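Novice: From the sequence below, what's the structure:
(one chain, ligands or ions: 1)
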Amino acid sequence: MPSILFVCLGNICRSPLAEAALRAEAERLRLDLIVDSAGTGNWHAGEPPDPRAQATARRHGVDISGLRARQVTPADFRRFTHVIALDHDNLANLRRIMPDDATAELSLLLDHLPGREGQAVTDPYFGDDAGFEVTWSEVTAAAERLAERLRLTRD
Ligand code: 4NP
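Specialist: Down below sits the predicted model:
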C-alpha cells in the first residue's frame, strides 16, 4: 500500500493541511493510503496544528485537531513509500538526513502539480487567514493529482 509522509518545518501548518487534503481525496476515490506528516524541526513536537490551520481545515470539512506534531526521522525513509517536502529548504534538509538504504521516493509537493513544478507551497505562518486559504488550495490541488497518480499505479 502506498504510504505518504508530508514534511514541512514545524509540522503545525503546511504539512498537516497536506495530510488532511490527501486523506480527504483518498477517501473520495476509495483509495487505500497511509498518510502522515512530520517536521524537519522539533520545536513544536507534541503540539496540535496551529489554530489557524485547524480553522482552515474545518472550513473545508476536515477535522485536524487530533493531529500532533513530530520530527521526521531517518527511519521514515524506510517506513514510507513517498516522502514529500513542502518547500526547498525542507527538501534540502531531508536529502541531508536521508539514509543510504532509503526506499522512499523523495519529492517536492508542487512537482506533482502541472504548471507549478519546482515551486514551494505558501508558508502561511507569519501571515493571516488568507494565507492559510492559499496554502489549502495549493495542497488540495497537488493532493488531487498525487492521488490520481497513485490510483493509476494501483489499477
Ligand atoms: P509549518 O509552519 O512549517 O508549515 O508548520 C511553521 C511553523 C513554525 C515556524 C515556522 C513555520 N516557526 O518559525 O516556528
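Novice: Counting neighbours, what do you get for residue 46?
Specialist: 8 (other Cβ atoms under 10 Å). For the C-beta atoms, the positions are set from N, CA and C on the backbone; glycine is no exception.
Novice: In this protein, what residue lies closest to the ligand?
Specialist: residue 10 (2.7 Å; Cβ to the nearest ligand atom).
Novice: Looks like that residue contacts residue 41 (just checking).
Specialist: Yes - using Cβ atoms under 8 Å, residue 10 makes contact with residue 41 at a distance of 5.8 Å.
Novice: Among the two, which residue is more densely surrounded?
Specialist: In this view residue 10 and residue 41 are compared by other Cβ under 10 Å, and residue 10 has more residues nearby, 22 against 17.
Novice: For the more buried one, I want the exact helix or strand it lies within.
Specialist: In the assignment (DSSP states H and E), residue 10 maps to no helix and no strand.
Novice: quick one, what contacts the closest residue to it other than its chain neighbours?
Specialist: Closest residue in space to residue 10, ignoring its immediate chain neighbours: residue 44 at 4.5 Å, by Cβ to Cβ, 6 or more residues apart in numbering. Going by Cβ atoms under 8 Å, 6 or more residues apart in numbering, residue 44 touches 10, 11, 12, 69.
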